[in-house]
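# Mind looking at a prediction? Sequence and model below.
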Amino acid sequence: MHISGMKNILIYGGASGIGLATAQLLYNNGVHLTIADVNAPLYDFNDAVQYVSCDVRSATEVERAVSTATQLMALDGLVYSAGIQRYGSVVSTPIDEYDLVQQINTRGAFLACKAAIPEMTKGGAIVLVSSVQALACQTGVAAYAASKGALEALARAMAIDHAENKIRVNTVLPGTVDTPMVRSSAELFGGADQSEQLLQQWGNNHPVGRVGQASEIANLIAFLLSDHASFITGASYRVDGGLLAQLPVRL
């Protein structure tokens, strides 16, 4: 895949899952990268990628990541892939757990963009990793769905506010993707012995008959960051194997 127009990209939540797959794709295309995450990357980039330990709940740490990424050049792009999943209804979800989901999934994105946008002095692109749960919900995901719905609205607002600065803002909305977070959920509901079977069952809910791979989401993120997407902003892209295209009716 040829990627044009990107020189310096910062990825929050780039240590694993979709964020890491995006980092690997960009790295293989010669992009200068900074990964900001509470954990070190699960892939060895041989010191070619800057890593900043970052808790996205902290404005200071989020700002430090931007400062690190812009030491040598202006920022061309930002990916916000940090996120957590918690389960429960409005009634069953503890208030502090609800707050934690919003802090990481939505407030962290706000902090990241607030710090990064002034450093995009030549324009740039922002991609926020959302979820199909922002548009349609299963049961027991009240906090998570609320956070992703807010992320969608935030992206639209930023796309309008910063279009004059030549900054584009878009979101990707994955379905079920094989990531450490999804595998943790599979173990939570299926136990260690049944997690693979449950993951396959979740995959069967998608018309394509499988879960997605992080690299498939990364391909779209890289496109949205690149000059190939120069007329795209304020848009939301489902990458869900047809999940939301179907009705729960069998003939």
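Thanks, I have the structure now. Numbers count the residues shown, from 1 in each chain.

# residue boundaries of the helices in this structure?
17-28, 59-69, 95-102, 108-116, 142-161, 180-204, 214-225 (DSSP state H).

# for this structure, what's the longest strand?
Secondary structure of the chain read by DSSP state E shows that its longest strand is strand 167-174.

# Show me the contact partners of stretch 207-223.
1, 3, 6, 17-18, 20-22, 24-26, 29, 79, 127, 129, 172, 174-179, 182, 199-200, 202-204, 206, 229, 237, 239-243, 245-246 (C-beta atoms under 8 Å, 6 or more residues apart in numbering). C-beta: built from backbone N, CA, C; applies to glycine.

# Can you flag the buried ones in those?
Neighbour-count burial (16 or more other C-beta atoms under 10 Å) applied to the contacts of stretch 207-223 gives 3, 6, 17-18, 20-22, 24-26, 79, 127, 129, 172, 174-179, 182, 199, 202-203, 206, 229, 237, 239-241, 243.

# Residues in contact with the helix or strand bottoming out on mean pLDDT in the chain: which ones?
Scoring the helices and strands of the chain by mean pLDDT, DSSP states H and E places helix 180-204 at the bottom, with a mean of 80. Defining contact as C-beta under 8 Å, 6+ apart, one finds that helix 180-204 is touched by 16, 17, 83, 84, 85, 87, 176, 178, 209, 210, 211.

# So the fourth one sits against residue 104, correct?
In other words, residue 84. Yes - between residue 84 and residue 104 there is a contact at 5.2 Å, judged by C-beta atoms under 8 Å.

# So which of those two has more stuff around it?
Taking neighbours as other C-beta atoms under 10 Å, residue 84 and residue 104 compare with residue 104 leading, 20 against 17.

# Pull up the gap between that one and residue 55, please.
9 Å (C-beta to C-beta, to the nearest Å).

# for residue 39, what are its contacts?
Per C-beta under 8 Å, 6+ apart, neighbours of residue 39: 15, 16.

# got the phi/psi numbers for it?
Backbone geometry at residue 39, expressed as degrees, to the nearest 10, gives phi -120, psi 150.

# where's it relative to residue 95, distance?
As judged by C-beta to C-beta, residue 39 and residue 95 stand 26 Å apart.

# Quick one: the helices of the chain as CSV, columns for distance to residue 233 too.
Output for the helices of the chain, formatted as CSV (distance: least, C-beta to C-beta, whole Å):
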stretch, distance to residue 233
helix 17-28, 19
helix 59-69, 21
helix 95-102, 25
helix 108-116, 14
helix 142-161, 5
helix 180-204, 28
helix 214-225, 9
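
# where among those is the average confidence lowest?
Mean pLDDT is lowest for helix 180-204 among the helices of the chain, at a mean of 80.

# Can you list the buried residues in that one?
182, 185, 186, 187, 190, 195, 198, 199, 202, 203.

# So which of those residues is the closest to residue 49?
Nearest to residue 49 out of these is residue 182 (C-beta to C-beta; 24.2 Å).

# Quick check: the gap between that closest one and residue 175.
Note on residue 182: its distance to residue 175, by C-beta to C-beta, is 10 Å.

# can you check residue 187 too?
19 Å.

# What of residue 233?
Here residue 233 is placed at a distance of 23 Å from residue 175 (C-beta to C-beta).

# ditto for residue 160
To residue 175, residue 160 is 27 Å away according to C-beta to C-beta.
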